[in-house]
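In: quick one, fold the following:
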Amino acid sequence: MIKYPDPQRSRVVLIGTSDYVWSDRLDNLPGVRGNLTGLEQALTEGPAAVFTPRYCTVVDSPDSPASFMRRLKRAADEAEDVLLVYFAGHGLLSSTGVLHLAVGETNPRQIEGYVFSPPTRMVWMCFGRVTLGGSGVLVAG
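Out: Numbering: from 1, shown residues only. Got it, this is the predicted structure:
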């Protein structure tokens, strides 16, 4: 039997960065804005909705990590069942292999302070030249 999340005890945070100050090094991603809208609707509207709109937070084009981390922390503190976090944007790997999420003001040459530590359970799907070394292969892991 499938167990669905309890919509009153679960939280969703959808984060996406479309525009980058350092766009000469990090391409702008105009499609991200539509991804956030579409995913929010899919998760919270219609007969297949699993989560309630009241507990779905959309963070569109945050400038700094602090601008979305406050909302992410609040959702994590409130979640008693499922915490679903979605990020669409550039990810950068440090020299030690730590994943950094790039937000609007991220300088790709100074990524310290933009750290994302994956939770215990995480599905990561990426299609990008930076994290895949130019192979352009879809990876899930």
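In: against Gly46, how distant is the residue nearest the centre of the chain?
Out: By CA atoms, centre = their mean, the mean C-alpha position of the chain lies nearest to Phe87, the distance being 1.2 Å. Distance, Phe87 to Gly46, by CB to CB, to the nearest Å: 24 Å. Where you see a C-beta, it was placed from the backbone N, CA and C, and this is true even at glycine.
In: hang on, the earlier thing: are we agreed that the residue nearest to the centre of the chain is in a strand?
Out: Yes: assigned with DSSP: H, G, I helix; E, B strand; the rest coil, Phe87 falls within a strand.
In: kindly state the pLDDT recorded for Phe68?
Out: What the model reports as pLDDT for Phe68 is 79.
In: measure it to Pro47 for me?
Out: 30 Å.
In: the more surrounded of those two?
Out: Ranked by neighbour count (other CB atoms under 10 Å), Phe68 and Pro47 place Phe68 first, with 23 against 4.
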